[in-house]
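Novice: Sequence first, then the predicted structure, then my questions.
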Amino acid sequence: MTMRDWLTLAPVFVAGLLLGALFFGGLWWTVRKGLVSTRPALWFLGSLVLRMIIAVGGFYLVSGGQWQRLLACLAGFVLARLLVTAVTGDLLERDARPSEETGHEP
């Protein structure tokens, strides 16, 4: 591959990152909302449909029928999954830690 090929795949990779951030960030948000909702099934089903439409539609538009572009977009999508998992995992750990207040028995 030439440098020009890599430069044309860079925006596709970034698009995959954005699609992945929307998909997995939306999943994290949905789980948090769904757990406290009176209608969790509606949250989960609606979110799944919306996230899938955005992800599949984005992959279709970005790939342009070329497997190289599809692969670059998928690589960005997977990297976004790892990043969102790391960020939200840190947030969950921080929320789960006991408070540092003194004078309270556990």
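Specialist: Alright, I've got the coordinates.

Novice: tell me the contacts of residue 19?
Specialist: 54-55, 58-59, 62, 73, 76-77, 80 (C-beta atoms under 8 Å, 6 or more residues apart in numbering). Backbone N, C-alpha and C define where each C-beta goes, glycine included.

Novice: which stretch of helix or strand covers it?
Specialist: Assigned by DSSP states H and E, residue 19 belongs to helix 3-36.

Novice: and the next helix or strand after that helix, how far out from the chain's middle?
Specialist: Per DSSP H and E, helix 3-36 leads on to helix 40-63 as the next helix or strand towards the C-terminus. Taking C-alpha atoms, centre = their mean, to the nearest Å, one finds the center of helix 40-63 at 11 Å from the center of the full chain.

Novice: before we move on, what about stretch 75-93?
Specialist: How far stretch 75-93 lies from its chain's middle: 7 Å, per C-alpha atoms, centre = their mean.

Novice: Check stretch 80-95 too.
Specialist: 11 Å.

Novice: residues of that stretch that come out buried?
Specialist: Judged by neighbour count (16 or more other C-beta atoms under 10 Å), stretch 80-95 contains these buried residues: 80, 84, 88.

Novice: I'd like the contacts of residue 19 as JSON lines, with pLDDT and distance to residue 14 appended.
Specialist: What follows is these, written out as JSON lines (pLDDT from 0 to 100; distance: C-beta to C-beta, whole Å):
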{"residue": "54", "pLDDT": "97", "distance to residue 14": "16"}
{"residue": "55", "pLDDT": "97", "distance to residue 14": "15"}
{"residue": "58", "pLDDT": "96", "distance to residue 14": "12"}
{"residue": "59", "pLDDT": "97", "distance to residue 14": "14"}
{"residue": "62", "pLDDT": "95", "distance to residue 14": "10"}
{"residue": "73", "pLDDT": "96", "distance to residue 14": "9"}
{"residue": "76", "pLDDT": "97", "distance to residue 14": "6"}
{"residue": "77", "pLDDT": "97", "distance to residue 14": "11"}
{"residue": "80", "pLDDT": "96", "distance to residue 14": "10"}
